[in-house]
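Student: Provided below are the primary sequence and the corresponding predicted coordinates.
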Amino acid sequence: VSYMVGKDRIIFATKEDHETPSSAELVADDPDDPYEEQGLILPNGDINWNCPCLGGMASGPCGEQFKSAFSCFHYSTEEIKGSDCVDQFRAMQECMQKYPDLYPQEDENEEKEKSSKDLEATPMEASVAKEEKGSS
């Protein structure tokens, strides 16, 4: 006897159930099983969308956009790999921006401020160093 409670199935086993030998069969690993953790690229060259290395990016509200962009990049034959995939990556980025809780992004403003401060600091240090050399 079994019944569902939410997403869980509750199964009641009798004493007789436990006395009967199990009929469960062990299935040998199938090297072509795309659900096995074989890494990002399967032996046939396809993308393994179930690879834990993708961190669930292939599912979720932007999964299709991610798959489109990543597939485009993976199969790109352009000299600058992926240069033909700008539209797909833009669509993925736009989708992810709609779900900041699911797809946290580095604060671009902070990054710009850091890099602009670095750029401002470099010429100043260079000019100070030149003045010191000139005065000696």
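Tutor: Yep, it's here.
Student: I'd say residue 74 and residue 47 touch.
Tutor: Yes. With contacts counted by C-beta atoms under 8 Å, residue 74 reaches residue 47, the gap being 5.7 Å. Just so you know, the C-beta spots here come from the backbone N, C-alpha and C atoms, and that holds for glycine as well.
Student: ok, the two, which is more surrounded?
Tutor: For residue 74 versus residue 47, neighbours defined as other C-beta atoms under 10 Å are more numerous around residue 47 (18 against 15).
Student: which residues touch the more buried one?
Tutor: Contacts here follow C-beta atoms under 8 Å, 6 or more residues apart in numbering; on that basis residue 47 touches 40, 41, 67, 70, 71, 74.
Student: what's the PyMOL line that selects buried ones from those?
Tutor: The following PyMOL line selects those of these that are buried, judged by 16 or more other C-beta atoms under 10 Å:
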select buried, resi 67+70
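Student: would you mind giving the contacts of residue 47 as a markdown table with distance to residue 91 and secondary structure added?
Tutor: Below are the contacts of residue 47 laid out as a markdown table (distance: C-beta to C-beta, whole Å; DSSP: H, G, I helix; E, B strand; the rest coil):
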| residue | distance to residue 91 | secondary structure |
| --- | --- | --- |
| 40 | 21 | coil |
| 41 | 23 | strand |
| 67 | 11 | helix |
| 70 | 12 | helix |
| 71 | 13 | helix |
| 74 | 16 | helix |
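Student: quick check: the farthest pair among the contacts of residue 47?
Tutor: Pairwise distances across the contacts of residue 47 (C-beta to C-beta) peak at 14.2 Å, for the pair 41 and 67.
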